[in-house]
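J.: turn this into a model:
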Amino acid sequence: MQTINFGHLPLKSGDTLLDLGCGEGRHAIGAIFHKPDIYVAAIDLSFKDLSTAKSRHHDFDPHAAKRCLYANANGFSLPFADNSFDHVVCSEVLEHIHDYQKALNEINRVLKPGGTLNISVPRYWPEKICWLLSEEYYNVEGGHIRIFNSQALKNDIKNLSYIFQNRHWAHALHVPYWWLRCAFWSKGDNFFLTRWYHKLLVWDLLKRPLLTRMLDRVLNPVMGKSIVMYFVKPETK
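T.: Next comes the predicted model:
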């Protein structure tokens, strides 16, 4: 389930892409699937997630997996030289970070002039309802510690001299699941409605029927769970 749409990125042969906070590898795998002859560095703090991502990538395409480096690293101190990457993806990460400005500064350091910065965070109002329904949602380890105002985040990035290119919303059909999950937090996925809806989402992910794809597209502007923004770092004068 990708949140960043790689069709919005001008990926070229030999480009380098950093997936910061790669989790279980959905964007690292998706980037190379979209453009097989690029190089990806995918970093995360979780060894477990990195192991899962690497295994999935190898199972998906062993040859393509060789073009992706999975590494344990901290977004506050990236182990890469200045101007190392043509593209940076940071999807559903900043809401977990206390000093997200520091992470943005590190991204700015490693991204080449003329490169693209592609960010997603949870949308304000669906996320606010999650917070109202459950304190555990944001108090658990690794939880969402802030709700972003998308315009404020956009301005933070533009203040680093980035040029805003595009935006869209994603995953509207996932919003009811998280509302159910928060409303019945103590039951986890054992609550029958939560369990049923999760099965529906898995089915949708695997089958991608036209009906749910169209429904998601229609609902995203209204209740998409994530807002996705695309920027370009200006060329050096």
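J.: every contact and neighbour count from this point should use C-alpha atoms.
T.: OK.
J.: skip ahead from the lengthiest helix in the chain and say which helix or strand is next.
T.: With secondary structure taken from DSSP state H, the chain has its longest helix at helix 192-207. Heading C-terminal from helix 192-207, the first helix or strand you meet, by DSSP states H and E, is helix 210-223.
J.: would you say residue 228 is within a strand?
T.: Yes - under DSSP: H, G, I helix; E, B strand; the rest coil, residue 228 sits within a strand.
J.: before we move on, the earlier item: mind listing what's buried in the longest helix of the chain?
T.: 194, 197, 198, 201, 204 (16 or more other CA atoms under 10 Å).
J.: which residue ranges form the strands in the chain?
T.: 16-20, 39-44, 68-72, 85-91, 111-122, 163-170, 226-232 (DSSP state E).
J.: the fourth one pairs with which strands?
T.: When sheet partners are counted by DSSP bridges, strand 85-91 sits next to strand 16-20 (parallel), strand 111-122 (parallel).
J.: restricting to C-alpha, output the last one in PDB.
T.: The one in question is strand 111-122. Provided in PDB are the C-alpha atoms of strand 111-122 (Å, rounded to 0.1, in the frame of the first residue of the first chain):
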ATOM      1  CA  LEU A 111      19.100  16.000  -1.000                       C
ATOM      2  CA  LYS A 112      20.800  17.300  -4.100                       C
ATOM      3  CA  PRO A 113      19.900  20.700  -5.500                       C
ATOM      4  CA  GLY A 114      17.100  20.100  -8.100                       C
ATOM      5  CA  GLY A 115      16.000  17.000  -6.200                       C
ATOM      6  CA  THR A 116      12.500  16.100  -5.000                       C
ATOM      7  CA  LEU A 117      11.200  15.900  -1.500                       C
ATOM      8  CA  ASN A 118       8.100  13.800  -1.200                       C
ATOM      9  CA  ILE A 119       6.300  13.800   2.200                       C
ATOM     10  CA  SER A 120       3.100  12.400   3.600                       C
ATOM     11  CA  VAL A 121       1.500  12.800   7.100                       C
ATOM     12  CA  PRO A 122      -1.900  12.000   8.500                       C
END
